[in-house]
Every structure is written in structure tokens, then in C-alpha cells.
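Asker: can you look at this prediction? I've put the sequence above it.
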Amino acid sequence: MTTQLEITDTEATALADLAARAPSTLRSSVLVEVGLLDRYGRIDESPLGPLVVAWNGVGVVSVDLAGDQEAFEARHLVATGRQAIAAEVPTRLANAIARRLDGDRRVRIPLDLRGHTGFEQDVWRKALEIPRGEVRPYGWIAAEIGRPKAVRAVGSAVGHNPVPLIVPCHRVVRSDGMIGQYSLGGPENKRTILTAEGVDVPGLERLAAAGVRYVGSDTTKIYCLPTCRHARRVTDRHRLEFHSAAEGIARGYRACLVCRPASAAA
Amino acid sequence: MDADDRLIADLADDLDAAFERLVIAHQDRLYTIALRMLGDPGDAEEAAQDALVRAYRALASYDRARIAELRLRPWLSTIVLNRCRTVGARRATRGPKPVSIDGDANRPITEPEAPEAATPTAVAERHAERDRWAVRLAALPTAYRTAIVLRHVDGLTYPEAAEALGRPEGTVKAQVHRGIALLRTMLEAETRPEPEEMTA
């Protein structure tokens, strides 16, 4: 074959002209996927009304009450160091959050908790174990994560939970049994969600005011935290109220293995 | 020190701070390679996005010394070609899409050189000419097409293209030359007048 092997200028120009420009969406898609840029969007249905959720390829970054977009973007930038751009919440994520809000704990929602301390993440991971319809005191979390003296730090970590509702910090209450503060719009919102989840909030506060911390059953000789599903099954006839774990133990009661009230007493 | 050397140094220093610059500097070329390998703009965007995400994850797992040794152009080309194989294989199992020609999202980087002469007809003719070259390129055997896309569409040097493909430079040169020869054959076939119908 006697073809000339060198490419001609015309051919070179024609081939170089096949260079194309990447779609304008490519850059942001890549940055979101690797977690260097966030998107945020609105979820209309929740016990607290419309929410705004921010996410990236790593996971959900934050959950907040829907409000002014500019204010949200500014807060987001300060909190994460990343910009957030408005978008539609992907259907899969929206469905997963809806199911979680409905109490389905099996649905997996990846979270992006980069930038938060290991202690905070331990607190939030523990809060995820509290079942819907139940509450645990700050001291319970502190003891369960092996930091029994860090009750105040637990309170602070709970207050800084960036993904409220998904991580149910509303189920963490004061060690005296009172409902306590709530980062997502204040204590009234906490009452609203707990009530929506089936917690008898006024009943809980009556017990707290009376100094009652634990409930025992004289048939099983087991004592529980008041909202433990085992405590709620005890009929009035067999129900005893204790002001301290020591009181229960002195009367021959064992700690429930499900709600682990000893952790709350620590 | 060229722009990529500075970028490499900055990536080694602080990946998260420098990565967006890598995306900006290389997204057009990675998209171009993917588009010319796959033919479909949607598939090309997917392959280019996957390639950049994989590049980030690889960089995140490399230590400084390893990042400092990288040559971004061939390294990223290797990644996007791998993604093209994956996306292409998936496309093949789903059934082929017709080779689609450049849409609006796919303007040339180089604007026409003589804008005063770029009448609508001239622009249309130029686009039509591009489309014909895209179709010819798409018709080449994959090995030749890959070599030509890297060397003449993306503009890698032969050593860079050889590194990207993991083949000896001589092999890449031969593949480019054979590809060019085939393109010429196609051009000749297109310009040859239709043979007169034989009548008996």
C-alpha cells in the first residue's frame, strides 16, 4: 500500500473540530457526587410541615424547617463550608425520608456527617436506636456510648444534630424526664412529633413532675424506663413506680434488657 | 511548570480545594473522548461524570508522592476509556441507540475562524461537515478510533496516548495511520460517483 501516512492539515483540522464542550450540568453533578457541593430541596409532608433537605453523593447533610432560601443557603455555607444549590429532592431519597418519618427504621438513609466529631456521631448513632414512641434521657445516651459523665456534652451534641427527624434526637429528653429543648423550632415542635409518634407527653411530664423515673411490673419483677414498650404493656394493677433505680433494685427488681434503665441511672 | 503541573501540586496539597479546577480543566476533553467513543451525548455525559468521580476517589486514596507522579492527561484518559467500555457494554446489552450526531449541547470549542464569513449557510455546511466526520470516525474499528480520538481529536502527544492506552508508542502510531487510511478510503467512497446502471 502506498498511502501517504502523514495526516493532512485538512484532516487534522476536521478531527480537531470534533472536540465538544461538556454539558453545563457535568461539573455540578461531579462535585455533588464526590461531596464537594450540595443540593437542597423541599419535602412537603412531615409532622412539622414542609422541610428542606440538603444532600450530596455521600449522603444527607442537613434537615431543617422550610423557610427563606437565601437564609438557608447562607446557614448551610457557614455550617459546611460548601455551597448548596436548589434542586428537586430525588424520588428515592424523598421516599426513604417519608418512610423513616413514618417510623420504618429498616430504610437506609446515608448521612454525610463529615466535619462532626466522633463523639457527636456516636451520640447520633445511639439516638437512632431509640424506637418510635419511646424516649431516653441524655444520661442514658452518655452511659450507652461509654461516656457516663458527658451528659452535658451529649445534650450539646443532640442540640447540634444536623439531620433532625432522620436521626430522632427528639426522642432524647432531659434526665429528670421533662421533654426539654429541641433544635428544630423549639419544645412545642418536640411535643408535636413525640405525640405524632404515640408518646403520651402530658403523662410523661406528670411522671417527671412526681419524680418518677422508672416503672416496674410485679409479675416480671423487671423495671423499665416509662416509655419502654415493656413498661407500657404493664397493667395498672401490676404497675409500680420507682423514683430511682436503687429503689427498684432494693425491692428485688431487675433492669429491663431492652430499654436498659441502668444506663439512665448511671 | 504548566497548568497541569501546578494543578497536580495543588491536588497533592489539598484535594478538596483543588478538585474543582481539575473538573473545569479536563471536563471538555473527557466528554469529547466519551462522545467520540460512544456516539450518544447522554452516554458520554455519564461516562465523563463516572470518570471524574473515580478520579476523585482514586486521588483521595493516593498519598502525596503518588499524586505528584501523575500525568493528568493520560491518566484521566485511561479512566474515561474504561468507563466508556462499561457504559458501551451496558448499552450493547440494552440494544444499540442510533449513532446520534451533535446536538445543541455539543458546540465546537473552536469557533469558526473567520466569523465575518460565517453566513448561516457556511455555519450549516460546517456543522454538516463535522457530522460527516463524526460518522466516519464512528465507523472505524475501536482500536483505530481510540487512537485517533486521543491523538487527533483530544490532541494528546504520541507518548501521552501510548501511556493512556498502555500500548507501545509504535503500536499507537500504526493504529492512527491505519485509521487515517481507512478514513481516506471512506472519503473516496463518498466522493466517487454512483456507477451508471448497466443496461443490457
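Answerer: That came through, no problem.
Asker: where along chain B do the helices fall?
Answerer: Here chain B has its helices, by DSSP state H, at B:3-13, B:15-38, B:41-61, B:64-69, B:72-94, B:120-139, B:142-148, B:158-165, B:169-191.
Asker: turn the ones you listed into CSV, including mean pLDDT, mean neighbour count and distance to residue A:246.
Answerer: Quick note: C-beta positions are derived from backbone N, CA and C, even for glycine. Output for those, formatted as CSV (pLDDT from 0 to 100; neighbours: other C-beta atoms under 10 Å in any protein chain shown; distance: least, C-beta to C-beta, whole Å):
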stretch, mean pLDDT, mean neighbour count, distance to residue A:246
helix B:3-13, 94, 16, 58
helix B:15-38, 97, 21, 52
helix B:41-61, 97, 21, 52
helix B:64-69, 94, 12, 57
helix B:72-94, 92, 18, 64
helix B:120-139, 89, 14, 81
helix B:142-148, 97, 21, 77
helix B:158-165, 97, 20, 73
helix B:169-191, 93, 16, 81
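Asker: with distance to residue A:60 as new columns, can these be given to me in CSV?
Answerer: Output for those, formatted as CSV (distance: least, C-beta to C-beta, whole Å):
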stretch, distance to residue A:60
helix B:3-13, 28
helix B:15-38, 19
helix B:41-61, 19
helix B:64-69, 30
helix B:72-94, 27
helix B:120-139, 41
helix B:142-148, 40
helix B:158-165, 37
helix B:169-191, 46
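Asker: center of chain B, which residue is that?
Answerer: residue B:33 (1.8 Å; C-alpha atoms, centre = their mean).
Asker: from residue A:87, how far off is it?
Answerer: Per C-beta to C-beta, to the nearest Å, residue B:33 is found 28 Å from residue A:87.
Asker: ok so, going back, just put the helices of chain B in TSV and tack on distance to chain A.
Answerer: Shown next, in TSV, are these (distance: least, C-beta to the nearest C-beta, whole Å):
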stretch	distance to chain A
helix B:3-13	13
helix B:15-38	4
helix B:41-61	4
helix B:64-69	16
helix B:72-94	11
helix B:120-139	5
helix B:142-148	7
helix B:158-165	12
helix B:169-191	5
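Asker: for those, which one sits closest to residue A:138?
Answerer: Distance to residue A:138, taken as C-beta to C-beta, is lowest for helix B:15-38 among the helices of chain B, at 34.0 Å.
Asker: how far off helix B:41-61 does that closest one point, in degrees?
Answerer: Put simply, helix B:15-38 runs at 150 degrees to helix B:41-61, going by axes from the mean of the first three to the mean of the last three C-alpha atoms, to 10 degrees.
Asker: now do helix B:15-38: distance to the chain's middle.
Answerer: 11 Å (C-alpha atoms, centre = their mean, to the nearest Å).
Asker: can you name the residues of the stretch 101-250 of chain A sitting close to chain B?
Answerer: Among all residues of the stretch 101-250 of chain A, none is adjacent to chain B (criterion: C-beta under 8 Å from any C-beta of the partner chain).
Asker: still on that earlier bit, how about the residue nearest to the centre of chain B: what's its closest non-neighbour residue?
Answerer: Using C-beta to C-beta, 6 or more residues apart in numbering or on different chains and skipping the chain neighbours, the partner closest in space to residue B:33 is residue B:80 (5.2 Å).
Asker: would you map out the domains in chain A?
Answerer: What automatic domain parsing lists as the domains of chain A is A:25-101, A:116-199, A:212-266.
Asker: tell me which of those domains lies nearest to residue B:21.
Answerer: domain A:25-101 (10.7 Å).
Asker: show me the contact partners of stretch B:62-74.
Answerer: B:4, B:7-9, B:11-13, B:15, B:22, B:26, B:29, B:59, B:156, B:160-161, B:163-164 (C-beta atoms under 8 Å, 6 or more residues apart in numbering or on different chains).
Asker: before we move on, what about stretch A:236-256?
Answerer: Residues contacting stretch A:236-256 (C-beta under 8 Å, 6+ apart): A:207, A:210-219, A:221-225, A:228, A:230-231, A:261-262, A:264-265.
Asker: let's see it at 10 Å
Answerer: A:207, A:210-226, A:228-231, A:233-234, A:261-266 (C-beta atoms under 10 Å, 6 or more residues apart in numbering or on different chains).
Asker: per-domain residue ranges of chain B.
Answerer: When chain B is parsed with automatic domain parsing, its domains come out as B:1-95, B:117-200.
Asker: how about CSV for those, with distance to residue A:58 added?
Answerer: As requested, these are exported to CSV (distance: least, C-beta to C-beta, whole Å):
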stretch, distance to residue A:58
domain B:1-95, 11
domain B:117-200, 30
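Asker: tell me which of those domains lies nearest to residue A:136.
Answerer: Using C-beta to C-beta, the domains of chain B put domain B:1-95 closest to residue A:136, at 36.2 Å.
Asker: now that closest one, how far from the centre of its chain.
Answerer: Centre-to-centre, domain B:1-95 and its host chain are 12 Å apart (C-alpha atoms, centre = their mean).
Asker: surely residue B:182 is in contact with residue B:136?
Answerer: Yes. In this structure, residue B:182 is within contact of residue B:136 by C-beta atoms under 10 Å, at 8.6 Å.
Asker: now the common contact residues for these two.
Answerer: Joint contacts of residue B:182 and residue B:136 (C-beta under 10 Å, 6+ apart) are residue B:145.
Asker: in contact with the residue nearest to residue A:217 when sequence neighbours are not counted, which residues?
Answerer: Distance criterion C-beta to C-beta, 6+ apart; nearest residue to residue A:217, sequence neighbours excluded, is residue A:234 at 4.3 Å. For residue A:234, the contacting residues are A:215, A:216, A:217, A:218, A:219, A:220, A:222, A:224, A:228, A:240, by C-beta under 10 Å, 6+ apart.
Asker: quick one, phi/psi of the first one?
Answerer: Read that as residue A:215. Phi and psi for residue A:215, reported as degrees, to the nearest 10, are phi -130, psi 130.
Asker: the fifth one now?
Answerer: Dihedral pair for residue A:219: phi -90, psi -40, per degrees, to the nearest 10.
Asker: distance-wise, check it relative to residue A:234.
Answerer: Taking C-beta to C-beta, one finds residue A:219 at 8 Å from residue A:234.
Asker: over to residue A:40?
Answerer: According to C-beta to C-beta, residue A:40 stands 45 Å off from residue A:234.
Asker: before we move on, the earlier item: residues in contact with the residue nearest to the centre of chain B?
Answerer: Each residue near residue B:33 by C-beta under 10 Å, 6+ apart is listed here: A:19-20, B:44, B:47-48, B:51, B:76-77, B:80-81, B:83-84, B:146, B:149-150, B:153-154, B:156, B:164.
Asker: what pLDDT does the model give the closest residue to chain B within the stretch 51-200 of chain A?
Answerer: Closest residue of the stretch 51-200 of chain A to chain B, C-beta to the nearest C-beta: residue A:57 (7.5 Å). Per-residue confidence (pLDDT) for residue A:57: 96.
Asker: look up the closest residue to it, ignoring the ones flanking it.
Answerer: residue A:33 (3.7 Å).
Asker: for residue B:18, same thing?
Answerer: Leaving aside its sequence neighbours, residue B:18 sits nearest to residue B:10 (C-beta to C-beta, 6+ apart; 3.9 Å).
Asker: wait, isn't residue A:34 in contact with residue A:56?
Answerer: Yes. The pair residue A:34 and residue A:56 passes the contact test of C-beta under 10 Å, sitting 8.0 Å apart.
Asker: lovely, talk soon.
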